[in-house]
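Peer 1: Predicted structure and sequence below. I'll ask about it afterward.
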Amino acid sequence: MKITSITTYQVPPRWCFVKVETDTGVIGWGEPVLEGRAATVAAAVEELSDYLIGKDPRLIEDHWTVMYRSGFYRGGGIHMSALAGLDQALWDIKGKALGVPVHELLGGKLRDSIKVYSWIGGDRPGETAAQAKAAVERGFTAVKMNGPEELQFIDTRDKVEKVVHNVAEIREAVGENVGIGVDFHGRVHRPMARVLLKALEPYNLMFVEEPVLSEHVDGVADVLRNSSTPIALGERLYSRWDFKHILESGVADIIQPDLSHAGGITEVRKIAAMAETYDVALAPHCPLGPIALAACLAVDAVAYNAVIQEQSLGIHYNKSNDLLDYVTDASVFDYADGMVKIPSGPGLGVEINEEYVKERAAEGHRWRNPVWRHTDGSFAEW
Ligand SMILES: O=C(O)[C@@H](O)[C@H](O)[C@H](O)CO
Ligand SMILES: [Mg+2]
């Protein structure tokens, strides 16, 4: 079996798919993307293709190792996202060629389904309590929202009160048993992270995400460890080596590697195993498309510590396209009672609607992160 061609498709809303073809007719799909850098990742996929074309797609561990190590310069979001998408496609090919789901190849599933959460409120909190209620009515048992808007190193109490008020309203609307995740989105610096974590403690959050940027967690390690609120982070970490320090530091209760940013199934499975040895849970990050979600579910299926799955149904940036638009059979993601079933089809289990992918790729996208500013005119983290 040989890889004959590798093609990328940049599709709305802000995604990139890769199709890997073989001489046997078996095709694999992956999702190599870093939001806002889709074209750059596609270029990295093209560079890596020079090595992969002509190779046997089934030798995934060897290809991963060569693609990771042979470049001399390694790691980082662009390289690891390109590698991630290709890795997903290779697993998809192997599963399809053998007629079994990827989780079967990873040792067999240890769960049938996993809890999912719904995004509420978009990036700027508004009527989030009503949205939380609506999500619960649709069957979700957990929701996630963005926390504070732009927040300076030292900021005023009204900003804190606004977040607390918002969370209090949501808790009131959904009751004690619905999980509420609050994503600080790297917008918060050390002094205000302390203040906010303390102020939010009474609301028994499911987790606070990226309380500060991962590179700064050392500065608040004592606060994070002493807060009763679980701490989730990792969407901007790209490899085992990036996660190593976080796990050793003991600040994370839940890690959130992204199957499309952190080297794919091969790497995230290993990251999950590292986390298990620290008694740290896994909640793969996935505001992305159907292939990325399927890759997440393949790892969730076999990772004992997987606790909840992000998914992009209803996510606000996806106005121009939806998770299910690109698959031929939308029932592949079987949602019920706030859970999604682990897909059982061969490979990643999703059938991609290639004609539709081509149609939308012809249109493409130029999705970029918004640029926010503080009232003094300086840049504010989005
Ligand atoms: O947890 C999430 O899904 C968000 O932090 C997104 O990853 C971020 O807005 C970049 O797309
Ligand atoms: Mg996040």
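Peer 2: Cool, the structure landed. Numbering: from 1, shown residues only. Ligands and ions are numbered 1, 2, ... in the order given.
Peer 1: Could I get the pLDDT score of V208?
Peer 2: For V208, the model assigns a pLDDT of 98.
Peer 1: Pull up the gap between it and N146, please.
Peer 2: Per C-beta to C-beta, to the nearest Å, V208 is found 11 Å from N146. From N, CA and C alone the C-beta is placed, and that goes for glycine too.
Peer 1: what's the overlap in contacts for these two?
Peer 2: V182, D183 (C-beta atoms under 8 Å, 6 or more residues apart in numbering).
Peer 1: Kindly report the domain assignment for this protein.
Peer 2: 3-100, 104-347 (automatic domain parsing).
Peer 1: Report whether the last one contacts ligand 1.
Peer 2: Yes: with C-beta under 6 Å from any ligand atom as the criterion, ligand 1 is reached by domain 104-347 at D183, H185, E235, H285, P287, E310.
Peer 1: how about the strands in the stretch 101-250 of the chain?
Peer 2: With DSSP state E, counting those that start in this stretch applied, the stretch 101-250 of the chain shows strands at 113-119, 142-146, 179-183, 207-209, 231-233, listed in chain order.
Peer 1: Save those strands as CSV, and put in mean neighbour count too.
Peer 2: Output for the strands of the stretch 101-250 of the chain, formatted as CSV (neighbours: other C-beta atoms under 10 Å):
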stretch, mean neighbour count
strand 113-119, 22
strand 142-146, 24
strand 179-183, 23
strand 207-209, 26
strand 231-233, 26
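Peer 1: ok so, going back, can you lay out the domains of the chain as a markdown table showing distance to W372?
Peer 2: Output for the domains of the chain, formatted as a markdown table (distance: least, C-beta to C-beta, whole Å):
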| stretch | distance to W372 |
| --- | --- |
| domain 3-100 | 14 |
| domain 104-347 | 5 |
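Peer 1: Identify whichever of the ones you listed lies nearest to ligand 2.
Peer 2: When those are compared by C-beta to the ion, domain 104-347 sits nearest ligand 2, at 4.3 Å.
Peer 1: distance between stretch 328-346 and the chain's centre?
Peer 2: On the basis of C-alpha atoms, centre = their mean, to the nearest Å, stretch 328-346 sits 18 Å off its chain's mean C-alpha point.
Peer 1: Regarding stretch 185-203, how distant is the last residue from the first?
Peer 2: 19 Å (C-alpha to C-alpha, to the nearest Å).
Peer 1: Any part of it near ligand 2?
Peer 2: No: against ligand 2, stretch 185-203 shows no contacts by C-beta under 5 Å from the ion, the least distance being 5.8 Å.
Peer 1: Quick check: buried residues in the longest helix anywhere in the chain?
Peer 2: Counting residues, the longest helix in the chain under DSSP state H turns out to be helix 77-98. Buried residues in helix 77-98, counting neighbours by 16 or more other C-beta atoms under 10 Å, are found at 77-97.
Peer 1: still on that earlier bit, a markdown table for the strands of the stretch 101-250 of the chain, including distance to ligand 2?
Peer 2: Shown next, in a markdown table, are those (distance: least, C-beta to the ion, whole Å):
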| stretch | distance to ligand 2 |
| --- | --- |
| strand 113-119 | 10 |
| strand 142-146 | 8 |
| strand 179-183 | 4 |
| strand 207-209 | 5 |
| strand 231-233 | 8 |
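Peer 1: Present the ones you listed as a markdown table; the columns should include distance to V195.
Peer 2: Formatted as a markdown table, the strands of the stretch 101-250 of the chain follow (distance: least, C-beta to C-beta, whole Å):
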| stretch | distance to V195 |
| --- | --- |
| strand 113-119 | 25 |
| strand 142-146 | 17 |
| strand 179-183 | 14 |
| strand 207-209 | 13 |
| strand 231-233 | 16 |
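Peer 1: Distance from the chain centre to stretch 282-295, please.
Peer 2: The chain centre lies 5 Å from the centre of stretch 282-295; the measure is C-alpha atoms, centre = their mean.
Peer 1: Let me see the mean pLDDT of it.
Peer 2: Mean pLDDT, computed over stretch 282-295, is 98.
Peer 1: show me where pLDDT drops low in the stretch 51-200 of the chain?
Peer 2: In the predicted model, the stretch 51-200 of the chain carries pLDDT under 70 at residues 122-126.
Peer 1: ok, the nearest residue to T128 once chain neighbours are set aside - contacts?
Peer 2: Leaving aside its chain neighbours, T128 sits nearest to G121 (3.5 Å; criterion: C-beta to C-beta, 6 or more residues apart in numbering). Contacts for G121 (C-beta under 8 Å, 6+ apart) come out as E127, T128, Q131, A132, M145, N146, N166.
Peer 1: Next: H103.
Peer 2: Applying C-beta under 8 Å, 6+ apart to H103 gives the contacts K109, L297, A298, A301, V302, I342.
Peer 1: State whether A232 and H285 are indeed in contact, as I suppose.
Peer 2: No: counting by C-beta atoms under 8 Å, H285 is not a contact partner of A232; they are 9.2 Å apart.
Peer 1: Name the residues contacting each of these two.
Peer 2: Jointly contacting A232 and H285 under the rule C-beta under 8 Å, 6+ apart are Q256.
Peer 1: Between the two ends of stretch 49-67, how far is it?
Peer 2: Between the start and the finish of stretch 49-67 there is a gap of 10 Å, counting by C-alpha to C-alpha.
Peer 1: oh, and call the first residue 21 from now on, that's how I've got it
Peer 2: Will do, 21 is the new start, and the previous item becomes stretch 69-87.
Peer 1: Can you list the neighbours in contact with that stretch?
Peer 2: Contact with stretch 69-87 is made by 21-26, 40, 42, 48, 68, 90, 103, 106-107, 110-111, 113-114, 117, 283-284, 286-287, as judged by C-beta under 8 Å, 6+ apart.
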